[in-house]
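# Quick one: sequence and predicted model below, then my questions.
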Amino acid sequence: MPFRIAKSFTVESGHLLTKHPGSCRFPHGHSRTIEIIVTSDQLDAADMVCDFKALKAAATDAVHRFDHTFALNTADPRFAELRAAYGDHVVAFPDTDPTTEVLAREIFQQVRAKLQVPGVRLERVRVTETATSWAEYWE
Ligand SMILES: Nc1nc2c(c(=O)[nH]1)N=C([C@H](O)[C@H](O)COP(=O)(O)OP(=O)(O)OP(=O)(O)O)CN2
């Protein structure tokens with residue numbers, strides 16, 4: 001797979017980590033960059049892996065889910081109350097903390113299901129947490 005391209009997105013994303021021993025167990029937010037990275041053995045008739053717009057189309061819903069929303073473990077005692085108050089702006093993670101690793105896995109699985117370009121493979125998804133930390137998921 002000698003060719004690799006990526007499309008990046010930025011979201012304003014809130015969460016808390018119920019299992020974290022430090023300050024991350026309290027509500028806080030991140031300006032996250034989400035990178036969708038795909039590979040291909042060859043270029044198409046337009047001399048591209050695929051149009052960047054195809055990556056944007058495949059990733060928009062998965063990325064938008066985390067923009068100006070709050071990701072929360074359903075086991076958090078306040079989950080039901082917050083979901084009732086804020087609806088889909090509280091994104092449910094069943095009995096799982098929405099760590100950066102978990103977000104990367106979730107986005108990877110959603111984008112892979114939507115990306116339908118012959119010969120193009122979703123290689124990985126990288127999600128930043130802060131300016132100095134990120135997580136990737138691939139299969
Ligand atoms: N492996 C992971 N570790 C941590 C996660 C995570 O999702 N995966 N998340 C957090 C917190 O959400 C925290 O906001 C980010 O942690 P960190 O990078 O340590 O942030 P700091 O700004 O405190 O970094 P410094 O470089 O130490 O200032 C924690 N860990």
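Now that the structure is in, tell me what you want to look at.
# In contact with L16: list those residues for me.
Counting by C-beta atoms under 8 Å, 6 or more residues apart in numbering, L16 touches C24, R25, F26, P27, H28, L72, D76. Bear in mind the C-beta positions are built from the backbone N, C-alpha and C, glycine included.
# For it, which non-adjacent residue is closest in space?
Nearest non-adjacent residue to L16, counting by C-beta to C-beta, 6 or more residues apart in numbering: P27, 4.9 Å away.
# quick one: that neighbour and G14 touch, right?
Yes - using C-beta atoms under 8 Å, P27 is in contact with G14, at 6.4 Å.
# Common neighbours of those two, please.
Counting by C-beta under 8 Å, 6+ apart, the common neighbours of P27 and G14 are F70.
# Compare these two and say which one has the larger neighbour count.
G14 (18 against 12; other C-beta atoms under 10 Å).
# did I read that right, that one in a strand?
Yes - the assignment for G14 by DSSP: H, G, I helix; E, B strand; the rest coil puts it in a strand.
# For it, name its beta-bridge partners.
Beta-bridge partners for G14, by DSSP bridges, are G29, F70.
# Can you give me the distance of L55 to T10?
Separation of L55 from T10 (C-beta to C-beta, to the nearest Å): 15 Å.
# oh sorry, the question was meant for D44
D44 is 28 Å from T10, by C-beta to C-beta.
# which residues of the protein score low on pLDDT?
Judged against pLDDT under 70, the chain has no low-scoring part.
# Around the ligand, which positions in it sit nearby?
Contact residues, the chain versus the ligand (C-beta under 6 Å from any ligand atom): L17, H20, C24, H28, T99, T100, E101, E129, T130, T132, S133, A135.
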